[in-house]
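Visitor: Okay, sequence plus prediction incoming.
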Amino acid sequence: MTDLEAPATAADRVDVLGIQVSVTNLDHTVATFERWIDNGERQLVCVTDMNALLHAKADERLTEVYNTAGLVVPDGMPLVWAGKKAGFEQMDRVAGPDLLERVMAEAAERGWTQYFYGGAEGVADELRMRFQDLHPALKVQGVECPPYRALTEAEDAETVDRMNSARPDIIWVGLGAPKQERWMAEHRERLNAAILIGVGAAFDFHTGRLDRAPLWMQRAGLEWSYRLYKEPRRLWKRYLIGIPRFGFGVLRRPPRAV
């Protein structure tokens with residue numbers, strides 16, 4: 001595997017409805033991870049689609065979390081189109097499942113260590129087995145599927161101790177937006193990992209619990225319609241209300257470079 005392309009300017013961002021989305025692509029994101037791990041930094045990464053961005057826009061605390069994150073990567077073509085409209089032609093989609101898959105391959109090559117936190121019972125362990133089958137050299141330091149209820153203070157402290165004792169470079173958080181972003185914000189000062197990253201449903205995609213849309217639908221920005229077809233009762237409000245909200249919002253407040 002060749003050396004990763006050095007990050008150009010990780011500081012470039014585009015304001016989309018008040019949320020500062022990073023001007024990045026898959027190669028640039030992975031290269032930024034490499035730099036952070038090599039430098040011993042402690043960073044938070046939000047993998048953001050239209051729905052997550054609307055949640056963040058509506059919550060002042062979440063807006064702060066996003067706008068102080070090391071990267072806010074565009075997991076959704078509407079965010080990519082917003083970036084291109086603001087003049088950033090190099091911006092491209094960084095989908096959570098694609099990023100997870102790419103980083104596992106790089107991690108096996110470079111010795112980066114992982115911790116999987118989230119998903120239903122057994123999901124994180126299945127994820128570990130799947131990626132270690134694909135990449136035998138991959139080092140997964142721990143897996144954990146927390147209960148859906150709130151943890152007690154003692155349970156939370158034990159979780160932090162387990163994670164820090166495992167000494168992962170990257171903690172992957174699969175709790176769904178905006179829960180995972182709130183969790184990362186609450187814990188980033190207590191965890192020593194170089195990277196905390198929330199990847200939503202990526203755990204379920206890679207363990208076969210959810211199907212991804214065909215590639216042509218992903219590239220055309222139609223993945224939402226495939227997911228709506230698969231889960232209409234759960235997702236109808238997210239898309240049939242969220243898409244107009246996002247569209248009208250962008251018309252009123254055009255994306256701009258930060």
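Guide: Structure's in. What do you need? Being a predicted model, the structure only gives us computed values, none of them experimental.
Visitor: My guess is residue 253 contacts residue 57. True?
Guide: No: contact criterion C-beta atoms under 8 Å: residue 253 and residue 57 do not qualify, at 10.1 Å. Where you see a C-beta, it was placed from the backbone N, CA and C, and this is true even at glycine.
Visitor: Now for those two: what residues contact both?
Guide: Shared contacts of residue 253 and residue 57, defined by C-beta atoms under 8 Å, 6 or more residues apart in numbering, comprise 17-18.
Visitor: who's more crowded, these two?
Guide: residue 57 (18 against 12; other C-beta atoms under 10 Å).
Visitor: Would you agree the more buried one is in contact with residue 64?
Guide: No: with contact defined as C-beta under 8 Å, residue 57 does not reach residue 64; the gap is 11.9 Å.
Visitor: Strands along the stretch 1-150 of the chain, start to end?
Guide: Along the stretch 1-150 of the chain, counting by DSSP state E, counting those that start in this stretch, strands occupy 13-16, 19-22, 43-48, 71-74, 113-118, 139-144.
Visitor: do you know which of those strands lies nearest residue 248?
Guide: The closest of the strands of the stretch 1-150 of the chain to residue 248 is strand 13-16. By C-beta to C-beta, the value is 13.4 Å.
Visitor: Provide the strand pairings for that closest one, with the direction of each partner.
Guide: Within its sheet, and counting by DSSP bridges, strand 13-16 is paired with strand 19-22 (antiparallel), strand 256-257 (antiparallel).
Visitor: and that strand, how far out from the chain's middle?
Guide: Between the centre of strand 13-16 and the centre of its chain there are 17 Å (C-alpha atoms, centre = their mean, to the nearest Å).
Visitor: for stretch 60-80, same thing?
Guide: Averaging C-alpha positions (C-alpha atoms, centre = their mean) puts stretch 60-80 9 Å from its chain's average.
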